[in-house]
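>>> Return a 3D structure for these sequence lines:
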Amino acid sequence: REPLGLSGLSLTYALTLTALAKYLTNYATRADAQFASAERLHALAQLEPEEELVSEALSNGGGPPADWPTTGRLTLTDFWPAAYVPGRPATLQPLTLTFEPGGHVALV
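Below you'll find the model as predicted:
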């Protein structure tokens with residue numbers, strides 16, 4: 001038969017180790033989210049400014065037609081949002097969206 005003191009000490013250590021595992025999991029999850037944010041910012045910083053792309057396209061005879069846009073409607077059909085981290089599955093499912101003329105859209 002084990003002494004009661006060792007049983008109590010074992011339970012105390014078990015609770016402490018469980019709390020430590022919970023803390024480490026929470027910390028690792030937050031760190032992963034922060035690293036993903038930093039990766040997104042780094043990827044955005046590497047993009048070529050759109051002004052240069054537009055001016056280059058226009059100088060090469062490209063660009064939108066003269067009568068564009070005819071309406072203010074924007075329709076996205078089966079749009080796949082990018083994954084937060086390359087190589088991992090996308091967080092959102094495919095979207096079909098229609099933005100009507102005169103409406104307001106907020107991107108967060």
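>>> looking at this, residue 43 is in a helix?
Yes: checked against DSSP: H, G, I helix; E, B strand; the rest coil, residue 43 lies within a helix.
>>> what pLDDT does it get?
Residue 43 carries a pLDDT value of 88.
>>> wouldn't residue 101 be in contact with residue 74 here?
No: Residue 101 lies out of contact with residue 74 (Cβ atoms under 8 Å); the separation is 9.1 Å. C-beta: built from backbone N, CA, C; applies to glycine.
>>> between those two, who's got more neighbours?
residue 74 (13 against 9; other Cβ atoms under 10 Å).
>>> That one pairs with what?
Assessed by DSSP bridges, residue 74 has beta-bridge partners residue 99.
>>> ok, it to residue 93 distance?
Applying Cβ to Cβ, to the nearest Å, the value for residue 74 to residue 93 is 20 Å.
>>> low-confidence ranges in the protein?
By pLDDT under 70, the weakly predicted segments of the chain are 1-2, 63-65, 108.
>>> what sits against the residue nearest the centre of the chain?
Nearest to the mean C-alpha position of the chain, counting by Cα atoms, centre = their mean, stands residue 84 at 3.7 Å. Neighbouring residues of residue 84 by Cβ atoms under 8 Å, 6 or more residues apart in numbering: 36, 40, 91.
>>> same thing but 7 Å
36, 91 (Cβ atoms under 7 Å, 6 or more residues apart in numbering).
>>> Can you show me the helices along this protein?
Assigned by DSSP state H, the helices in the chain fall at 4-46, 50-59.
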